[in-house]
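Undergrad: Only the shape, not the letters, is given here:
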Ligand SMILES: [Zn+2]
């Protein structure tokens with residue numbers, strides 16, 4: 001492999017990545033617009049025309065923003081690689097009178113700050129432009145800024161020690177440093193998972209025990225029926241920020257909690273809440289969470305081994321605009337995470353397919369352990385409340401969607 005060849009390879013991959021993303025977005029907007037005039041036959045009884053058209057407009061608005069985001073992202077990549085951006089950052093941090101480890105940390109922090117600043121306007125427009133326009137946003141500008149500050153602080157508290165550890169291992173742990181880095185990365189994942197329900201999530205939301213009532217009684221009966229031990233049923237004040245509804249599990253092992261958004265409980269009847277929870281229980285019982293974590297572990301190991309090989313190859317640096325890499329592992333780390341998504345994007349549909357398979361299985365579990373008709377009612381309400389389109393472009397959906405289209409899920413539930 002030569003540097004010139006790798007440059008060409010990256011340029012071609014980047015062009016394909018950009019073209020594919022823009023083409024999928026274009027198809028999606030055209031398809032949704034073409035089906036805007038009438039509610040699909042399967043939903044005529046359940047969803048009104050106004051709600052259907054709102055979902056279409058909301059989907060198009062979000063997709064349009066994602067197009068701008070794609071263009072900015074690609075431009076950033078070009079400036080950082082071919083435009084010499086990374087090379088300039090490497091030279092600047094290299095001139096700091098610090099040890100190599102701290103120069104590399106400064107490099108990664110500078111990069112994180114640049115990417116964060118570029119992403120900020122999109123987050124702002126998403127919340128105060130699109131979400132507000134469609135009546136979903138409930139967050140204030142003050143709360144948005146506080147959330148941002150908390151996010152940065154938590155990111156720094158967790159991310160900086162991890163970065164220091166990995167950078168140190170890359171220099172000190174010998175040729176098999178990537179195995180050690182992998183172990184550190186896995187330990188870090190478990191730490192975040194363990195801290196999330198009790199330490200991180202409460203920084204952003206209030207969690208109160210689910211009050212007694214018909215919903216709680218139904219849920220406890222379902223948990224007993226499925227032999228599921230839990231460490232508490234909680235309601236989260238999701239309505240502070242958005243009117244979108246959801247339910248989820250947090251934690252692992254014996255510390256599992258079940259959390260409902262207050263917006264979900266306000267909207268669904270007890271038997272519908274039961275069906276949604278049964279679906280989530282299905283994900284646990286059928287070991288979807290464990291399987292996904294196992295895949296993540298395997299892929300992380302493969303990527304770290306790949307990084308170890310690339311870090312030793314001079315064409316990798318030169319091909320991405322960094323002339324003759326100094327002995328600084330942070331440079332390899334930065335370049336790797338910068339270009340990896342461009343090369344792995346085409347594998348996205350495999351991950352989406354795997355996830356959709358799990359969603360069908362969890363729906364079937366809900367149909368067996370709760371009620372299929374209540375699940376269908378809950379899904380229709382959630383689709384309506386979240387203004388999720390009922391008519392996604394099939395190819396766009398196959399590429400990106402972690403959940404099968406509403407029509408497909410409902411059709412399966414009705415035959416189960
Ligand atoms: Zn699910």
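TA: Nice, thanks for sending it over. Predicted, not measured: the structure shown is a model, and the values here were computed from it.
Undergrad: which residues are contacting whichever helix or strand residue 297 is part of?
TA: Here residue 297, judged by DSSP states H and E, is contained in helix 288-311. Where contact means Cβ atoms under 8 Å, 6 or more residues apart in numbering, the residues beyond helix 288-311 that reach it are 170, 175, 177-179, 181-182, 185-186, 189, 249, 252, 282-283, 316, 329, 332-333, 335-336, 340, 354, 358, 361-362. Every residue, glycine included, has its C-beta placed from N, CA and C.
Undergrad: Stretch 343-363 too?
TA: 13, 16-17, 20-21, 279-280, 282-283, 286, 288, 291-292, 295, 375, 398-404, 409, 412-413, 416.
Undergrad: cool, and stretch 166-173?
TA: Applying Cβ under 8 Å, 6+ apart, the external contacts of stretch 166-173 come out as 100-101, 104-105, 108, 177, 180-181, 184-185, 311, 329-330, 332-333.
Undergrad: In helices, which of those residues fall?
TA: Secondary structure assignment by DSSP state H places 100-101, 104-105, 108, 177, 180-181, 184-185, 311, 329-330, 332-333 of the contacts of stretch 166-173 in helices.
Undergrad: Considering only helices and strands, which part of the chain has the lowest mean pLDDT?
TA: Least confident helix or strand of the chain, by mean pLDDT, DSSP states H and E, is strand 247-250 with a mean of 71.
Undergrad: need the residues of the stretch 1-150 of the chain near the ion, please.
TA: Proximity of the stretch 1-150 of the chain to the ion (Cβ under 5 Å from the ion) involves no residue at all.
Undergrad: mind listing the helices in the stretch 1-150 of the chain by residue range?
TA: 3-34, 49-80, 85-94, 100-124, 132-133, 141-172 (DSSP state H, counting those that start in this stretch).
Undergrad: Turn the ones you listed into TSV, columns for mean pLDDT, mean neighbour count and distance to residue 302.
TA: Converted to TSV, the helices of the stretch 1-150 of the chain look like this (pLDDT from 0 to 100; neighbours: other Cβ atoms under 10 Å; distance: least, Cβ to Cβ, whole Å):
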stretch	mean pLDDT	mean neighbour count	distance to residue 302
helix 3-34	96	16	18
helix 49-80	96	17	23
helix 85-94	94	18	24
helix 100-124	96	16	22
helix 132-133	94	13	42
helix 141-172	95	15	17
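Undergrad: one step back: filter the contacts of helix 288-311 down to the ones close to the ion.
TA: With Cβ under 5 Å from the ion as the criterion, these include residue 362 near the ion.
Undergrad: Report the buried members of the contacts of helix 288-311.
TA: In the contacts of helix 288-311, burial by neighbour count holds for 170, 177-179, 181-182, 185, 249, 252, 282-283, 316, 329, 332-333, 335-336, 358, 361-362, counting by 16 or more other Cβ atoms under 10 Å.
Undergrad: Name the pair among the contacts of stretch 166-173 with the greatest separation in space.
TA: 100 and 185 (21.1 Å; Cβ to Cβ).
Undergrad: Against residue 168, how distant is the residue of the chain most remote from its centre?
TA: Computed with Cα atoms, centre = their mean, the residue of the chain farthest from its C-alpha average is residue 97, at 37.7 Å. The gap separating residue 97 from residue 168 is 19 Å, by Cβ to Cβ, to the nearest Å.
Undergrad: OK, contacts around the nearest residue in space to residue 273 that is not next to it in sequence?
TA: Distances taken as Cβ to Cβ, 6 or more residues apart in numbering place residue 215 nearest to residue 273, at 5.2 Å, with adjacent residues excluded. Counting by Cβ under 8 Å, 6+ apart, residue 215 makes contact with 265, 270, 273.
Undergrad: All the helices of the stretch 201-350 of the chain, residue numbers only.
TA: Applying DSSP H, counting those that start in this stretch to the stretch 201-350 of the chain gives helices spanning 201-204, 214-225, 262-267, 270-285, 288-311, 314-319, 329-344, 348-369.
Undergrad: Now those in CSV, please, with extra columns for mean pLDDT.
TA: What follows is the helices of the stretch 201-350 of the chain, written out as CSV (pLDDT from 0 to 100):
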stretch, mean pLDDT
helix 201-204, 90
helix 214-225, 88
helix 262-267, 88
helix 270-285, 91
helix 288-311, 94
helix 314-319, 94
helix 329-344, 95
helix 348-369, 95
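Undergrad: if you compare the ones you listed, which one is most tucked away?
TA: Counting by mean count of other Cβ atoms under 10 Å, helix 270-285 has the highest mean neighbour count of those, with a mean of 22.
Undergrad: Output the contacting helices and strands for that one.
TA: Using 3 or more Cβ pairs under 8 Å, 6 or more residues apart in numbering; DSSP states H and E, the elements in contact with helix 270-285 are helix 214-225, strand 247-250, strand 257-261, helix 262-267, helix 348-369, helix 372-385.
Undergrad: Tell me which of these sits nearest to residue 200.
TA: Proximity to residue 200 (Cβ to Cβ) singles out strand 247-250 among the helices and strands packed on helix 270-285, at 9.5 Å.
Undergrad: pLDDT score for the most centrally placed residue in the chain?
TA: With distances taken as Cα atoms, centre = their mean, residue 402 lies nearest the centre of the chain, 10.1 Å away. Per-residue pLDDT puts residue 402 at 92.
Undergrad: Check residue 42 too.
TA: At residue 42, pLDDT is 83.
Undergrad: ok, it to residue 56 distance?
TA: Distance, residue 42 to residue 56, by Cβ to Cβ: 16 Å.
Undergrad: And for residue 276?
TA: From residue 276 to residue 56 the distance is 25 Å (Cβ to Cβ).
Undergrad: What of residue 10?
TA: Separation of residue 10 from residue 56 (Cβ to Cβ) stands at 37 Å.
Undergrad: One more: residue 77?
TA: 32 Å.
Undergrad: give me phi/psi at the nearest residue to residue 335 once chain neighbours are set aside?
TA: The shortest distance from residue 335 to any non-neighbouring residue, by Cβ to Cβ, 6+ apart, is to residue 320 (5.2 Å). Dihedral pair for residue 320: phi -110, psi 20, per degrees, to the nearest 10.
Undergrad: what's the neighbour count on residue 197?
TA: 21 (other Cβ atoms under 10 Å).
Undergrad: pretty sure it is touching residue 257, no?
TA: Yes. Assessed by Cβ atoms under 8 Å, residue 197 is found in contact with residue 257 at 5.1 Å.
Undergrad: Of all the helices of the stretch 201-350 of the chain, which one is nearest residue 48?
TA: In terms of Cβ to Cβ, the element of those nearest to residue 48 is helix 262-267, at 15.9 Å.
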